[in-house]
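J.: structure of the sequence below:
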Amino acid sequence: MTRKHLATLASVGVIALIIAGCGSGDGSSNSSSATPAASSSAGTGLSAASTSLGKIVVGPSGRTLYLFAKDSGMKSNCAGACASNWPPYTASSKPSAASGISAGSISLVKRADGAKQVTLDGHPLYYFSGDQSAGQMNGQGVDAFGAKWWVLAPSGTQVTAAPKSSSSGSSSGSSSSGGGGYSY
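T.: Here you go, the predicted structure:
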């Protein structure tokens, strides 16, 4: 009898630990997991990757960077829920430039929250939470938070074309290729 009770108690304890582990950080985990990737300035810095749209700018982890058409000059107009979906690329110091990007076109601008956001040719840079890995451009052309989001060419200009390999249904686009991949 006591062995059955001990086994039952042990099973209940293990299940409780599993549930607690799965439930912790539900809403904040997404935001905080995007922030370290967005904040990482270690490594190469900004570089260019070849895509179906031509060469575009990517961050240190190889993830696609975007500009927000609503931004005015070097001032970000993306905070709160916007910044949760489009994490700003922040760094404590100016990142390096590689692969055809002019180091002189990179600078830092202070955000309302005090963080330093990386800019390219005067455009604050952002990641998209819908891009899970390098090679994805799921945010290209998305109209959200009052304006469109575009990838950038190494010159710092916006690229407004749709990826050639994107599917016709762009509103729900949860495919793994997500608008085309790229190579270095």
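
J.: A helix includes Ser129, no?
T.: No - secondary structure of Ser129, determined by DSSP: H, G, I helix; E, B strand; the rest coil: coil, with no helix assignment.

J.: next, it: phi, psi?
T.: phi -60, psi -20 (degrees, to the nearest 10).

J.: that one - how many residues pack around it?
T.: 18 (other Cβ atoms under 10 Å). Every residue, glycine included, has its C-beta placed from N, CA and C.

J.: with Thr64 instead?
T.: Burial measure for Thr64: 28 neighbouring residues, criterion other Cβ under 10 Å.

J.: before we move on, what about Asn77?
T.: Each residue near Asn77 was counted by other Cβ under 10 Å, and the total is 14.

J.: in the chain, which helix or strand is least confident?
T.: Taking mean pLDDT, DSSP states H and E as the measure, the helices and strands of the chain show their lowest mean at helix 26-39, namely a mean of 33.

J.: Met74 against Gly122, yeah?
T.: Yes - counting by Cβ atoms under 8 Å, Met74 does reach Gly122; the two are 5.3 Å apart.

J.: how near is Ala83 to Ser129?
T.: Counting by Cβ to Cβ, to the nearest Å, the gap between Ala83 and Ser129 amounts to 10 Å.

J.: next one: Lys148
T.: In this structure, Lys148 lies at 17 Å from Ser129, with Cβ to Cβ as the measure.

J.: same check, this time on Trp86
T.: In this view, Trp86 and Ser129 are 7 Å apart by Cβ to Cβ.

J.: can you pull out the strands in the protein?
T.: With DSSP state E as the definition, the chain shows strands at residue ranges 47-51, 54-58, 66-68, 106-110, 116-120, 123-124, 143-144, 147-152, 158-159, 182-183.

J.: next, count neighbours for Trp86.
T.: 25.

J.: check contacts around the nearest residue to it once chain neighbours are set aside.
T.: In this structure, Trp86 finds its nearest non-sequential neighbour in Tyr126, 4.3 Å apart by Cβ to Cβ, 6 or more residues apart in numbering. If a contact means Cβ atoms under 8 Å, 6 or more residues apart in numbering, then Tyr126 has 38, 65-68, 78, 86-89, 149 as its contacts.

J.: output those in CSV; the columns should cover distance to Leu46.
T.: CSV is the format used below for the contacts of Tyr126 (distance: Cβ to Cβ, whole Å):
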residue, distance to Leu46
Ala38, 13
Leu65, 7
Tyr66, 13
Leu67, 13
Phe68, 17
Cys78, 19
Trp86, 17
Pro87, 16
Pro88, 14
Tyr89, 9
Trp149, 18
